[in-house]
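S.K.: Return atomic coordinates for the entry below.
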Amino acid sequence: MTEAAGSLSHDELVATMTGGMARSDLPTFAGSERLRPDGRPRPEFRAELRRIPNIVNAVTVVATSAAAVALVAAVVAIDHWLATVLAVPVMGIVMLRMFILHHEAAHRLLFSNRLVNDVVGVNLLGWLTFGTGTHHYRRGHANHHRDEFGPKEPDFLLYSLYPVSRASMRRKLLRDLFGVSAYRIVKPRFTGLVRPPFLLLSLRFFAGQAFVLALFWAAGHPWLYVVLWAVPYFTYYQVANRLRVIAEHGGMTRTPDRRNTTHHVRQSWSARLFLVPYNVGYHLAHHVDSGIPARNLPRLHRALKEDGYLPADAVWPGYRLLWRALVRSPASATP
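M.R.: The predicted structure is shown next:
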């Protein structure tokens, strides 16, 4: 952030840096039998949506973890450089899936048993996705939901200033692809080793990566930790994650109306497979009520559409169209 931006109040930052994709013509929603005027489900409907599918989620966690193991095993069995190269983006997809499950656990929605939810979803999946395995992410993410684009929004700059120029978007994606973004994310864990307030978080982070490295070592292939774990995270994962999050909040703004804080994009099978697994793409519904398990977000989304909260013209037909809109054409770009 520039020195000039640093001298502005948060309200001034919101006014000057956000809202490029927000709409002023959304119809007023008076509520319905199922929904409150702000879109949140009324108590009886919410009670139905709040049920956590423990068995399905357990199978999902096991299957996702098994996919990572199977991918490593396949690379070892094939023993060819091309297989290793092709496995990098695939592992990035698996990591993204692990992070979405970690995100679900951060909302305490992965398992109804709090201890199981936290050990599996917060600790283990947090470690596997280059986190600290603590509640650090959960606490910061709560600020994101409590007040999108507010003073405590952890990702304010990530969503701001859209639409951007083509050159700006190109720079962002190249930083992601070549590891610069990931370096900026993990750098505080290294500097935290000599900064007492952050020492414990850093130690937890390195303990997690030591655990992952130990798994590769036990399998007899420690070098694959770098190739099939660090490289996917530092490259493909960062690109996919940026494309996902800007499709969630890029160019939106701070307002009580969630329709102007969060995009909704029609969910295709390819998007669900590669970019927005486990219903995380129903992001507007998730922000309308972040206490609804991901498995039930499609049902809440249908209610938002059917009852009139979400008009048809507020739904993006696909991610490519939204990404194009998040990039200014050369004619409209500022010098």
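S.K.: C-alpha from now on. contacts and neighbour counts both.
M.R.: Will do.
S.K.: V288 contacts P256, correct?
M.R.: No. At 9.9 Å, V288 does not count as touching P256 under the criterion of CA atoms under 8 Å.
S.K.: of these two, who's got more company?
M.R.: Using other CA atoms under 10 Å, the more surrounded residue of V288 and P256 is V288, with 23 against 12.
S.K.: mind checking how far the more buried one is from R166?
M.R.: Distance check for V288 against R166: by CA to CA, to the nearest Å, it reads 31 Å.
S.K.: swap in H144?
M.R.: 27 Å.
S.K.: The two: which is more packed in?
M.R.: Here H144 and R166 are compared on neighbour count by other CA under 10 Å; more neighbours surround H144, at 19 against 16.
S.K.: Quick one: distance of the host helix or strand of the more buried one to the chain centre.
M.R.: Under the criterion of DSSP states H and E, H144 resides in helix 136-146. Its chain's C-alpha centre and that of helix 136-146 lie 12 Å apart, by CA atoms, centre = their mean, to the nearest Å.
S.K.: Could you look up the next helix or strand downstream of that helix?
M.R.: Assignment by DSSP H and E places the next element after helix 136-146 at helix 156-159.
S.K.: Which elements pack onto that following helix?
M.R.: Secondary-structure packing of helix 156-159 (3 or more CA pairs under 8 Å, 6 or more residues apart in numbering; DSSP states H and E): helix 236-249.
S.K.: Tell me which other helices or strands the following helix or strand past the helix it packs on touches.
M.R.: Downstream of helix 236-249, the first helix or strand assigned by DSSP H and E is strand 264-265. Applying 3+ CA pairs under 8 Å, 6+ apart, we find strand 264-265 packed against strand 315-316.
S.K.: ok, the strand it packs on: who's next to it in the sheet?
M.R.: strand 264-265 (parallel) (DSSP bridges).
S.K.: Any chance you could list what contacts the partner strand?
M.R.: Strand 264-265 is contacted by residues 247-248, 281-284, 314-319, 322 when judged by CA atoms under 8 Å, 6 or more residues apart in numbering.
S.K.: average pLDDT for stretch 174-187?
M.R.: Mean pLDDT, stretch 174-187: 98.
S.K.: Scan the helices and strands of this structure for the one with the lowest mean pLDDT.
M.R.: helix 3-6 (a mean of 60; mean pLDDT, DSSP states H and E).
S.K.: in the very next helix or strand once past that one, what's buried?
M.R.: On the C-terminal side of helix 3-6, the closest following helix or strand by DSSP H and E is helix 10-17. Across helix 10-17, burial judged by 16 or more other CA atoms under 10 Å covers 13-14, 17.
S.K.: And for stretch 178-195?
M.R.: 178-182, 189, 192-193.
S.K.: what's the answer for stretch 206-214, then?
M.R.: 206, 208-209, 212-213.
S.K.: Then stretch 143-155?
M.R.: 143-145, 148-155.
S.K.: Which pair of these spans the longest distance?
M.R.: Of all pairs drawn from these, the widest gap by CA to CA lies between H145 and P151 and measures 12.1 Å.
S.K.: low-scoring stretches of the stretch 201-335 of the chain, by residue?
M.R.: 329-335 (pLDDT under 70).
S.K.: Am I right that G39 is in a helix?
M.R.: No. G39 is assigned coil when assessed by DSSP: H, G, I helix; E, B strand; the rest coil, not a helix.
S.K.: That one - how many residues pack around it?
M.R.: Close neighbours of G39, defined as other CA under 10 Å, add up to 27.
S.K.: quick one: contacts for it?
M.R.: Contacts for G39 (CA under 8 Å, 6+ apart) come out as 31, 288, 304, 309.
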